[in-house]
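Peer 1: Give me a model of this one.
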Amino acid sequence: MASFDIKNFAEVLDFHLVFEQTVWNARSSEAEALRVLGMAYSDLGNSAKELECFQQSLAICREIQDRQGERHTLHTLGIFYNTLQDYDKSIECRQLQLKVAQELQDREEETDALKSLGEAYFHRDAHKAIDYLQQSLVIAKEIQNCEKEAEILDSLGHAHWYLKDYAKAIDCYQQQLAIVHEFQDRHQEGNALSNLGGAYMSQGDYTKAIKYYQQSLLIAREIENPFLEGMVLKGLGDTYRFLNDYTQAIEYYQQELVIARRVQDPQAESIALGALGGIYFFLNNYGRAIEYFQKRLVVDQEIQNHSWEVSTLNYLGNCYYHLENYDTAIDYYAQALAFAQQIHHRELEGDVLGNLGDVFHALSDNTKAIEHYQQQLAIAQETQKPYDEARALGNLGKVYHSLGEHIKAIEYYQQELAIAQEIQERILEAQAVQGLRNIYNSLGDYSKTIEYGEQYLAFEKEIGNPRTEAMSLGILGFSYCKLKNYSKAIECYQQQLSIAQENRDSYMEGEGLGNLGTTYLTMGDYARTIEYEEQCLALIRKIQESKREKRESLTLLNLGNAYYFLENYDKSIEYFKQSLIIFREAHQDEQESYVSESLAINLMNLERYSEALEYLQKSLKIFQRIGARSDEARVIKRLAELYQKLGEQELAIEYCEQALTIATELDIPLVKECHELKLRLTGAKQM
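Peer 2: Numbering: from 1, shown residues only. Below is the predicted model of the structure:
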């Protein structure tokens with residue numbers, strides 16, 4: 001038997017159409033032929049010809065008053081517009097379909113039309129969708145159409161799921177399951193169990209999700225339904241991903257991919273490749289993610305699914321963005337943007353514009369970043385997508401924060417927060433709260449930092465990410481420390497330390513120990529400072545060098561200061577010298593000069609004046625080079641004190657007057673100290 005050729009089929013239908021028109025002039029058959037021809041063009045991916053055929057079919061049905069044909073064509077047109085994501089036109093067709101069914105007093109067709117209208121509203125107004133689906137359900141029960149009732153409950157469950165009302169979604173799916181189980185429809189039973197698995201997964205009840213997915217999987221394999229099997233494997237992969245069992249998740253996604261390829265289902269193959277790319281992206285394995293997204297791109301191009309193609313190009317851009325290969329990222333985003341605009345997919349266009357804004361922000365081209373974020377915001381508002389609007393507002397808050405325009409940044413974050421709370425989108429709410437916390441922390445408003453920091457900590461506990469929870473506790477501890485609420489600061493840092501130790505996070509454990517050391521140093525408890533900082537130093541020196549530099553240098557400084565206050569100057573010098581090496585290697589001039597000054601103070605206390613002089617001169621040169629005038633004045637005053645100890649009164653007075661001149665010019669408290677030193681020096685000279 002010859003293989004089926006869709007192009008030949010279209011040619012046959014064209015011939016049939018001519019035959020109907022010229023021989024029998026059977027207008028009803030002509031309308032039917034146009035409908036079928038439109039479907040053939042749909043399979044060929046020729047949407048323009050598809051629409052033309054459906055519109056011609058509708059015109060003929062209306063001309064000959066074939067109401068059933070009109071209803072059928074309106075239903076087909078609704079599907080066509082839904083596929084193009086032109087939901088307004090899809091709704092218009094469904095409303096006309098409903099009107100025809102009501103005029104024909106056909107209750108069966110009316111429940112179908114109401115169901116279709118509800119499904120069309122799903123992407124515009126989920127509450128309206130539920131209203132129409134409820135009306136459809138009433139009629140289905142009235143006419144005792146159990147099969148239709150189960151289908152409507154399926155759609156109702158999806159609508160409640162979309163609104164995050166998981167309890168109602170589960171109730172719908174349980175009713176659906178009871179009905180299909182009663183009339184022994186194994187296919188629909190497997191579908192209902194899969195729905196329950198998905199709803200429980202979204203609710204966060206992963207044990208129940210796995211239970212229902214596994215039951216659905218058994219049925220899918222029993223009835224040899226690869227489509228359902230692939231869908232369930234995807235759900236199981238997603239569930240294990242939420243459980244942080246990435247090995248198991250990848251295994252299920254791989255099984256899903258094998259099935260899709262075995263049955264030659266390119267759509268399912270694209271979904272599986274996308275899931276694998278997504279999990280490797282999440283695991284920061286961008287090389288593997290790119291590999292899968294590149295394969296997905298080939299499939300999307302073969303099936304001419306342009307919206308999926310845009311998404312895949314967007315994901316590839318994201319991978320290269322995280323690899324800091326910004327030129328390649330921009331190239332992929334530009335391709336994605338062009339396609340999104342070509343197919344008039346405004347939602348995807350807004351998403352890509354936001355990602356381009358991220359690239360320009362990373363490149364410090366904030367003008368272009370703001371331009372792209374503003375376009376993203378305009379599209380989100382135009383398409384009435386509050387989630388996307390909140391994301392765009394958050395992006396603008398982020399870029400204005402980096403520009404130091406804190407009032408604007410706060411304004412945008414507050415708007416993001418309001419929308420996120422209204423639509424009950426916890427992740428966006430957390431991002432807005434985090435942004436506000438960081439701004440107030442930058443402004444030194446530690447009360448506000450704590451207010452938003454406590455809210456953000458609650459989100460982190462919900463999500464169950466130990467690393468970010470520990471980081472949040474660190475910021476809270478710092479804020480309490482700044483407000484001199486040391487008991488609360490220590491409480492936060494102890495929690496940070498406990499979380500790090502429970503999760504064997506050596507880096508974060510070092511942070512917790514170091515933070516406790518810093519707090520005790522501020523409190524003047526130098527013994528405890530040394531206890532925590534020495535533990536911190538031993539720990540961080542075991543981890544990767546690039547990750548430890550900042551904490552190691554701070555720990556060495558704290559140890560140097562603690563031993564200084566305990567008047568153990570030799571120990572203090574030992575730790576300051578170690579920190580000095582790190583700052584020099586990292587070319588941190590300002591820190592190098594501060595440590596050099598600290599070393600000089602210790603050496604002066606040990607009466608090692610020539611060494612102290614060398615360090616003070618190095619410190620002075622750096623402060624003069626970087627233009628730190630108040631620091632320069634302070635070091636010059638120390639030089640005056642050093643020369644006094646060396647008995648070189650003339651030099652001491654000269655340096656004291658230099659320090660006094662700069663301090664007076666800057667109007668800083670050092671003026672008083674310089675005057676007092678000058679009086680002592682001149683008094684000693686006169687004697």
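
Peer 1: Give me the pLDDT for residue 12.
Peer 2: pLDDT, residue 12: 51.

Peer 1: Repeat that for residue 566.
Peer 2: Per-residue pLDDT puts residue 566 at 96.

Peer 1: Any idea how many residues pack against it?
Peer 2: 14 (other C-beta atoms under 10 Å). Placement of C-beta: from N, CA and C, glycine included.

Peer 1: That one touches residue 525, doesn't it?
Peer 2: No - Residue 566 lies out of contact with residue 525 (C-beta atoms under 8 Å); the separation is 11.1 Å.

Peer 1: Verify the stated contact: residue 322 with residue 285.
Peer 2: No - assessed by C-beta under 8 Å, residue 322 is found out of contact with residue 285, at 10.5 Å.

Peer 1: what sits against the closest residue to residue 382 other than its chain neighbours?
Peer 2: Distances taken as C-beta to C-beta, 6 or more residues apart in numbering place residue 346 nearest to residue 382, at 6.8 Å, with adjacent residues excluded. Listed by C-beta atoms under 8 Å, 6 or more residues apart in numbering, the contact partners of residue 346 are 340, 379, 382, 383.

Peer 1: The same query, at a cut-off of 10 Å, please.
Peer 2: By C-beta atoms under 10 Å, 6 or more residues apart in numbering, residue 346 lies in contact with 85, 340, 378, 379, 380, 382, 383, 385, 388.

Peer 1: again with residue 83
Peer 2: Applying C-beta under 10 Å, 6+ apart, the residues contacting residue 83 are 42, 47, 50, 90, 307.

Peer 1: Against residue 572, how distant is it?
Peer 2: Noted for residue 83: a distance of 74 Å to residue 572, by C-beta to C-beta, to the nearest Å.

Peer 1: likewise residue 618?
Peer 2: Taken as C-beta to C-beta, the span from residue 618 to residue 572 is 18 Å.

Peer 1: Just flag the most distant two among the contacts of residue 346.
Peer 2: Maximum pairwise distance in those, criterion C-beta to C-beta, is 18.8 Å, between 85 and 378.

Peer 1: what's in contact with whichever strand or helix holds residue 621?
Peer 2: Residue 621 is part of helix 609-626 when elements are defined by DSSP states H and E. The contact list for helix 609-626 (C-beta under 10 Å, 6+ apart) reads 573, 576, 580, 589-606, 608, 628-636, 638-639, 641-643, 645-646, 655.

Peer 1: ChimeraX command to pick out the buried ones of those?
Peer 2: Per 16 or more other C-beta atoms under 10 Å, the buried members of the contacts of helix 609-626 correspond to this ChimeraX selection:
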select :573,576,580,589,591,592,593,594,595,596,597,598,599,600,601,602,603,604,628,631,632,633,634,635,636,638,639,641,642,643,655
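
Peer 1: Just the contacts of helix 609-626: which are in helices?
Peer 2: Using DSSP state H, 573, 576, 580, 589-605, 629-636, 638-639, 641-643, 645, 655 are the members of the contacts of helix 609-626 that sit in helices.

Peer 1: Could you list the low-confidence segments of the stretch 51-200 of the chain?
Peer 2: The stretch 51-200 of the chain contains no residues with pLDDT under 70.

Peer 1: and the helix or strand hosting residue 116, how far from the chain's centre?
Peer 2: If you go by DSSP H and E, residue 116 is part of helix 107-121. Mean-position distance between helix 107-121 and its chain equals 37 Å (C-alpha atoms, centre = their mean, to the nearest Å).
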